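J.: How does the following fold in three dimensions:
(2 chains)
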Amino acid sequence: MGVLDDYAAVAGKDAIEHLKQLASLLKGMRVVHVNSTKVGGGVAEILTKLIPLKRELGLDVKWEVVRGEEKFYECTKMFHNSLQGESIPIKDELLKIYEETNAYNAEDLRSKLQDADFVFIHDPQPLLLLRNTPNRKGKWIWRCHIDLSHPYRPVWRYLRKFASEYDASIFSLADFAQALPNIQYLIPPSIDPLSDKNKDLPQETINKVYEEFELDPDRPIMLQVSRYDRFKDPIGVIRAYRMAKKFSPGLQLVLAGGGATDDPEGEQVLAEVQAEAGGDPDIHILLLPADANLTINALQRAATVVLQKSLKEGFGLTVTEALWKGKPVIGGNTGGIRLQVINHHTGFLVNTPEGAALRMRYLLQRPDTVQEMGRKGKEFVRTNFLNTRNLREFLTLMVAFINGGEDRIELEVPD
Amino acid sequence: MPQERRKGEPFAVKDCALIAVATGKRAQNLKEMVDTLMTIHPGAIYHHFWGGLLRPRFDDPQYNNDFAVWCHYGLHDDILAERLAVIDPTDYENLEAIRQRLIEVLENRLDELETLSWSRTDQQFYFLRSQIVVFDTQKILSTPEELAQAIPHMSVGSVFFHFIDARRRFPWRMDDFRAWLQGFGEEYGHCVDALSCIDPYFLTLTELRTQIHQTLTNCLQRNA
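T.: Just a heads-up that it's a prediction; the model follows:
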């Protein structure tokens, strides 16, 4: 069995057949993806899965990374935070290192980059490779995974002139995009159904989390998975839980977040959350390591209902993950959560702890509704937010591009 | 190529895939919506009426185009949402005619309102358009029975292309399945009638595929 067969088993045979048809129009195309790391981080996670799939579909795909000194990463980390809205002026000295690092990486990768039919540059780290590859033959596309809706303007002004040189750019959502002179495609994020965080689990693995975290499997569990951040409103979640618990005394709440040792604000929020919980034995505040994917998967499967009561959110992949496990989601009425949580279908959108409590009470009284919403949510994710859909859109974009980029392109499939 | 109506002409199954493109235009109130609609790329009208069925979103059972959805969720103007939702794009000759109808409905509403309602900043309407790639699957069908058997195996892209997109491609404003079945004469007239009772805008494409299959299979069983 190949990778495609594995995906056919979860995404559906027709989705894979569709990919094969599209890929047949691109057979033999040389494609290079460039980012800054092969391990760790969301982009590496996406590429680790997408590249073997593209290869199995007949594309000649390479994955390259740019390398640099510590100062280079310091600079690109500042880019990342400032593009997401933090006011971080960056010194010229760091920008010079950024530009030089891109120049010598372009030199190293020259033969691969200049002959490729498509080059996908991920995020700002390798953005200047285009400028440093003068004899390029193919199409160059900048894939921005960052929420650019409210960038720190001086930093965006600096980067925009480089991004403008690309043939196209890709953003995750319309709200994340910034005006650029090239065509801007929209490809929403997706989850990998075969990863540790999302794959099916045996009941024993789920039973282990009940034991490990002293949860009672016979009583309802509300779960929120997110780092300890005020925008995720963990205090609001505890308040909602208290209001709902008056009507369901057996209710348990699990807040599962990453370690906060390197994040001073995270530590402070965690302390506030612990204070708010006030020693309630049914509130479980978990600090999980970054690689606790199987544990998070099991917790999501153990939960009765999942919460993502964010006050501000990008796309909210934790919502996608919960829906994929057949759980209704009570989500904050913000950002990408609104694309996924559909009132009365896949869960409920709420604006206050009171709203969240009301919906908790409603769902706790209606196990059939919980089940039906869970079923709908899973199908919704299967159709829209698995990485096979992400791949389909990449292939569509490439086919559209090599055929002139018109609004409607009619093609014959080659024999 | 349009599906021909002549008997004996084979049915070529096509497939399509869509990718959304940002236009950079957005609206936060009705006035901005009207102003932008006046000049927006016609592809945006297509995308917000039809494209929604092929891109990531939940099929909202209340409203079947993005303009109506935004008026409900963004502006909380349900009167306008209802008026927009009832617009059937197949009633109009082309995208320009739909654009004019939209503008007319919005301007009428603006005349009725004493104050302009605004959406929250994070609930603005983003005008998108799409690129659609249509390709031949090399599957050829010769009889209505073969069509019924093939439908469960068609991708949702094929269902979209033949059952929804077809309605705006040809002057007869009909889906490809009915147009092709008509070529077989009276014998299949009841199949055509039964398929015309399916409202594609309130079903997911997967549900639509199931319903077309069931409808066609039932009708053909009556012929047997």
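J.: where along chain B do the helices fall?
T.: Taking DSSP state H, the helices of chain B run over residues B:30-39, B:42-49, B:66-73, B:78-85, B:95-112, B:144-150, B:156-159, B:166-169, B:176-182, B:189-196, B:205-223.
J.: Redo those helices as a markdown table? Include mean pLDDT and distance to chain A.
T.: Bear in mind the C-beta positions are built from the backbone N, C-alpha and C, glycine included. Listed next are those as a markdown table, based on pLDDT from 0 to 100; distance: least, C-beta to the nearest C-beta, whole Å:
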| stretch | mean pLDDT | distance to chain A |
| --- | --- | --- |
| helix B:30-39 | 97 | 14 |
| helix B:42-49 | 92 | 5 |
| helix B:66-73 | 92 | 8 |
| helix B:78-85 | 95 | 15 |
| helix B:95-112 | 96 | 11 |
| helix B:144-150 | 95 | 12 |
| helix B:156-159 | 90 | 6 |
| helix B:166-169 | 86 | 10 |
| helix B:176-182 | 94 | 14 |
| helix B:189-196 | 94 | 21 |
| helix B:205-223 | 91 | 7 |
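J.: so of those helices, which one's packed in deepest?
T.: Per residue and on average, the most neighbours among those fall to helix B:156-159, with a mean of 25 (mean count of other C-beta atoms under 10 Å in any protein chain shown).
J.: What helices and strands are in contact with the helix or strand that contains A:E379?
T.: If you go by DSSP states H and E, A:E379 is part of helix A:367-384. When contacts are defined as 3 or more C-beta pairs under 8 Å, 6 or more residues apart in numbering or on different chains; DSSP states H and E, helix A:367-384 packs onto helix A:317-324, helix A:353-364, helix B:205-223.
J.: right, so of those helices, which gets closest to A:N105?
T.: helix A:317-324 (29.3 Å; C-beta to C-beta).
J.: what sits up against the closest one?
T.: A:189-191, A:193, A:197-198, A:223, A:225-226, A:296-297, A:300, A:303, A:306, A:308, A:329, A:331, A:336-337, A:340-341, A:346-347, A:374, A:377-378, A:380-382, A:385 (C-beta atoms under 8 Å, 6 or more residues apart in numbering or on different chains).
J.: Among these, the buried ones, what's the PyMOL command?
T.: Those of the contacts of helix A:317-324 that count as buried under 16 or more other C-beta atoms under 10 Å in any protein chain shown are selected in PyMOL with:
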select buried, chain A and resi 189+190+191+193+197+198+223+225+226+296+297+300+303+306+308+329+331+336+337+340+341+346+347+374+377+378+380+381+382+385
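J.: ok, the closest residue to chain B within the stretch 301-415 of chain A - how many residues close by?
T.: Taking C-beta to the nearest C-beta as the measure, the stretch 301-415 of chain A has A:N384 as its residue closest to chain B, at 3.8 Å. Using other C-beta atoms under 10 Å in any protein chain shown, A:N384 has 18 other residues around it.
J.: Over to A:A277?
T.: Neighbours of A:A277 (other C-beta under 10 Å): 20.
J.: Isn't it up against A:I283?
T.: Yes. Under the criterion of C-beta atoms under 8 Å, A:A277 makes contact with A:I283 at 4.2 Å.
J.: joint contacts of those two?
T.: A:I238.
J.: residues in contact with whatever residue of the stretch 151-300 of chain A ends up closest to chain B?
T.: Chain B sits closest to A:A174 of the stretch 151-300 of chain A, with a gap of 3.6 Å, by C-beta to the nearest C-beta. When contacts are counted by C-beta under 8 Å, 6+ apart, A:A174 touches A:L186, B:A20, B:A22, B:R26, B:Y126, B:L128.
J.: Give the residue spans of the stretch 301-415 of chain A that score low on pLDDT.
T.: Residue ranges of the stretch 301-415 of chain A with pLDDT under 70: A:413-415.
J.: what does it have sitting close to chain B?
T.: By the rule C-beta under 8 Å from any C-beta of the partner chain, the part of the stretch 301-415 of chain A lying against chain B is A:334-335, A:338-339, A:342, A:345-346, A:379-380, A:383-385, A:389, A:392-393, A:395-397, A:399-400, A:403, A:405-413.
J.: Next, check these against the helices and list the overlap.
T.: Checking these against DSSP H, those in helices are A:338-339, A:379-380, A:383-384, A:389, A:392-393, A:395-397, A:399-400.
J.: if we can go back for a sec, buried members of the residues of the stretch 301-415 of chain A next to chain B into ChimeraX, please.
T.: Buried residues among these (16+ other C-beta under 10 Å), as a ChimeraX selection:
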select /A:334,335,338,339,342,345,346,379,380,383,384,385,389,392,393,395,396,397,399,400,408,409
